[in-house]
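> need a 3D model of the following:
(2 chains)
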Amino acid sequence: MSAAAAAQVEITHEVGLHARPSVKFTKLAKTFAADIEIALAADGPWFDAKSIVKVMAAKAPKGTVLHLRASGEGAESAVKALVALIERDFDEAAEGEAHVRTG
Amino acid sequence: MCGPVRLTGRPASGGYAEGPIFCLDNDTGGYVPKGTAAAEAQALRAAIEAASEQLAVLAGASTGEAADMLEFQAAMLADVSLSESAFAAIDAGMPADRAWSDALAGEIAGYEAAQDEYFRARAADLKDIRQQVLDALTSAGTRTAPLGAILFGEDIAPTRFLATDWSAGGGIALSKGSSASHVAMLARSRGVPMVVGLGSIAGGIAGIALLDAEHGGIVLGPTAGDLEEFRRSSAAYGERRRSAEATLARPAATANGVPVRVLVNVADPADVERIDVASCDGVGLMRTEFLFGRELPDEETQYRAYRRVLEWAGGKPVTIRTIDAGGDKPVPGFTVAEGNPFLGLRGIRLSLARPEVFRVQIRALLRAAVHGNLKVMFPMISVPDEYARATALFAEEAANLAREEVAHAMPPLGIMVEVPSVAIAPEHFADAAFFSIGSNDLTQYVMAAARDNTAVAALNSVTNPAVLTLISAVAAFGVLHGIPVSLCGDAGGDPVAIPHLLKAGLRDLSAAPAQLALAKAAVAGVTV
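Sure thing, here's the model as predicted:
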């Protein structure tokens, strides 16, 4: 099965995509079979999201809009999961089940 | 070396250290080339593996910051992207040590060129990784510093810091370095004095050095006079720290044993991470304007910020003030431009004029209230009707949350006493759950002297008898009617004002985090 997915998300974590978040980000990326890449602009350059060396080299500070794209098996769920991790500030803020019950 | 050498840098972790210099940069072992490209590649693979194992051993013995840093280094080292250019160079005939050094040099240069201080500081991690693998290649780097030594070098590897025994003192002096580095964070948490940015020094250095990480300097080859002065400063520093820590750790009380609660003012939820919750009696004022800095924050953002502080306080009271925009605190898209903003649409007046914005904050507060001991207060209350309307909005939103089955709780709702109409006639506000005297605004309104105008600064005095008369009247009214009264302006942390405030009958003060120790010391000097 082949698929492709893409998304954009703003990094709101205080120091950006730095050491600890990058470890979490690449660890999560590696749990998916899809090829996943990130970029700081829509037209690239694109970096391998599973390589911490490449992700750190992107040097994305707070406020950066990160572009993600993935292709191959599970592309869509990979992008969804990575976007969610960034939106949760890499689980580093003091919060747990913060997400609202809207019912 | 003839005569003392004095270098000036920047403190990265406070304190004083006196001891023998230990040069970090002399650690270059010789590498013996292996002959064939295949043998070179094998040597590099083995060295990377050995360095990874060493990291795993250190990680197993570490927690917190150090463990995170080691996990990061291990992840970098495990990434083939880091070494692929080294293996390519080895294939082209380069020996393993140079191939590895060159490959890392490119990465390090990339970090050193970064705009962001945080990313720039990661160059030290990359150098650390480079050195660990080189050490494994050459079996070098096994020299250990003598106990109590001052480690001197261009920069220091975090793993080197962790492998050093600091139990007998010692310190770190770097010609480059950064106070944002992992090592600086580790040094601060372990209390190891550290100075960065000392600049390079010609020739080899050795002998005894005096490291002053309070001001940021080092003396190499000190004179007897240097030593005497250094020990005096060092002893005074230790004394100041001990007495500040001892004062901070104890609950505040006056000289005659009357307990006084000293709370802390918080402007940003991140502030609390730097405060020991044991050193204060809770949060007397959490401002919420910071949240409204660039744009109006949504309910979730506010909820998380409030909850974070409540959870930090762990059951101690946290008084959050609803948005106090206007006056000297404009918020784009919320406040209005006025000719006389201190007397205009600010504080609760603005919140009531913009209920759609206020309701979002109210919902966030009601939801956060289940996570701790929350109290909420309204700024700039002038007439009882404002309090009634604000509490009605709280009741409406609580009903809405109940209907939506969202967890929430109704906190005690109090008022700031800062407009003279309230201070003069507090009996009209006896419905409020508590009073918190905002001494900055109360003073400027009583004295008709703007607090941001230096030309009238002498008039803007909280110890003016008229201001103190109002404060003691409000305190007395509170005692009589069972309404708690506290004070949260700058005066609460001012050692000159504190004796007057306690004599006026106040027993709850709230001060900025940096004033906490001074405020407690000032309380201890008063007899009431």
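> what does the stretch 401-528 of chain B put close to chain A?
Within reach of chain A by Cβ under 8 Å from any Cβ of the partner chain, the stretch 401-528 of chain B has these residues: B:404-406. For the C-beta atoms, the positions are set from N, CA and C on the backbone; glycine is no exception.
> helices of chain A, start to end?
For chain A, the helices defined by DSSP state H occupy A:19-29, A:52-57, A:75-87.
> check whether the last one comes near chain B.
Okay, so that is helix A:75-87. No - Helix A:75-87 does not reach chain B (Cβ under 8 Å from any Cβ); its nearest approach is 10.5 Å.
> just checking, what packs against that helix?
Identification of packing neighbours for helix A:75-87 by 3 or more Cβ pairs under 8 Å, 6 or more residues apart in numbering or on different chains; DSSP states H and E yields strand A:4-10, helix A:19-29, strand A:35-39, strand A:65-71.
> what comes into contact with that helix?
A:3-7, A:9, A:11-13, A:24-25, A:28-29, A:32, A:34, A:36, A:49, A:66, A:68-70, A:91 (Cβ atoms under 8 Å, 6 or more residues apart in numbering or on different chains).
> make it 10 Å
Taking Cβ atoms under 10 Å, 6 or more residues apart in numbering or on different chains as the criterion, the residues outside helix A:75-87 that touch it are A:1-13, A:17, A:21, A:24-29, A:31-36, A:38, A:49, A:60, A:64, A:66, A:68-72, A:74, A:91, A:99.
> quick one: low-confidence parts of chain A?
Within chain A, the ranges that satisfy pLDDT under 70 run A:1-2, A:93-103.
> could you flag which of the residues of the stretch 401-528 of chain B next to chain A are buried?
The neighbour-count criterion (16 or more other Cβ atoms under 10 Å in any protein chain shown) marks B:V406 among those as buried.
> just put the helices and strands packed on helix A:75-87 in TSV and tack on mean neighbour count and distance to B:R507.
Converted to TSV, the helices and strands packed on helix A:75-87 look like this (neighbours: other Cβ atoms under 10 Å in any protein chain shown; distance: least, Cβ to Cβ, whole Å):
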stretch	mean neighbour count	distance to B:R507
strand A:4-10	15	46
helix A:19-29	21	43
strand A:35-39	21	56
strand A:65-71	20	51
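> centroid-nearest residue for chain A?
Of all residues in chain A, the one closest to the mean position by Cα atoms, centre = their mean is A:L82, 3.8 Å from it.
> distance of that one relative to chain B?
A:L82 is 16 Å from chain B, where distance means Cβ to the nearest Cβ, to the nearest Å.
> near chain B, list only the ones from the contacts of helix A:75-87.
Cross-checking these against chain B (Cβ under 10 Å from any Cβ of the partner chain) gives A:12, A:17, A:24, A:26-27, A:60, A:99 as the overlapping residues.
> which of these lies closest to chain B?
For the ones next to chain B among the contacts of helix A:75-87, the residue nearest chain B by Cβ to the nearest Cβ is A:T26; the value is 6.9 Å.
> looking at it, that closest one is touching B:D79, isn't it?
Yes - with the criterion set as Cβ atoms under 10 Å, A:T26 and B:D79 qualify as a contacting pair; they are 8.0 Å apart.
> any shared contact partners between the two?
Taking Cβ under 10 Å, 6+ apart as the contact definition, A:T26 and B:D79 share the neighbouring residues A:48, A:50-56.
> how many neighbours does the closest residue to chain A within the stretch 301-450 of chain B have?
For the stretch 301-450 of chain B, the nearest residue to chain A under the criterion Cβ to the nearest Cβ is B:R308, separated by 4.1 Å. For B:R308, the tally of surrounding residues (other Cβ atoms under 10 Å in any protein chain shown) stands at 20.
> and for A:S77?
In terms of burial, A:S77 registers 14 neighbours under the definition other Cβ under 10 Å.
> returning to that earlier point: of the ones next to chain B among the contacts of helix A:75-87, closest to B:S233?
Top of the list for closeness to B:S233, among the ones next to chain B among the contacts of helix A:75-87 and by Cβ to Cβ, is A:L17 at 41.9 Å.
> assess the claim that that closest one and A:A60 are in contact.
Yes - the pair formed by A:L17 and A:A60 meets the contact definition of Cβ under 10 Å, at 4.1 Å.
> what sits in contact with each of those two?
Between them, A:L17 and A:A60 have A:11, A:38, A:40, A:66, A:86, B:119 as joint contacts when contacts are counted by Cβ under 10 Å, 6+ apart.
> closest to the centroid, which residue in chain B?
Nearest to the mean C-alpha position of chain B, counting by Cα atoms, centre = their mean, stands B:R274 at 3.9 Å.
> that one and B:P513 touch, don't they?
Yes - at 7.0 Å, B:R274 counts as touching B:P513 under the criterion of Cβ under 10 Å.
> need phi/psi at B:R122.
Torsion angles at B:R122 (phi, psi; degrees, to the nearest 10) stand at phi -70, psi -10.
> may I have the phi/psi pair for B:R10?
Note on B:R10: its backbone torsions stand at phi -120, psi 140 [degrees, to the nearest 10].
> before we move on, what about B:M416?
In terms of degrees, to the nearest 10, the main-chain angles of B:M416 are phi -80, psi 140.
> give me the beta-bridge partners of it?
B:S436 (DSSP bridges).
> that one: what's it in contact with?
Listed by Cβ under 10 Å, 6+ apart, the contact set of B:M416 reads B:285, B:321-322, B:324, B:347-348, B:377-381, B:422, B:432, B:435-438, B:441-442, B:488-489.
> hmm, back to that, closest to B:G15 out of the residues of the stretch 401-528 of chain B next to chain A?
Distance from B:G15 was checked for each of these by Cβ to Cβ. The minimum falls on B:V406, at 49.0 Å.
> tell me the secondary structure at the closest one.
coil (DSSP: H, G, I helix; E, B strand; the rest coil).
> show the pLDDT at it.
Per-residue confidence (pLDDT) for B:V406: 95.
> and the residue of the stretch 301-450 of chain B closest to chain A, how far is that from B:R354?
With the distance defined as Cβ to Cβ, to the nearest Å, B:R308 ends up 25 Å from B:R354.
> okay, now the closest residue to B:N460 other than its chain neighbours: neighbour count?
Once its chain neighbours are removed from consideration, B:N460 has its nearest residue in B:A449; the separation is 4.3 Å (Cβ to Cβ, 6 or more residues apart in numbering or on different chains). Counted with other Cβ under 10 Å, the burial measure for B:A449 works out to 17 neighbours.
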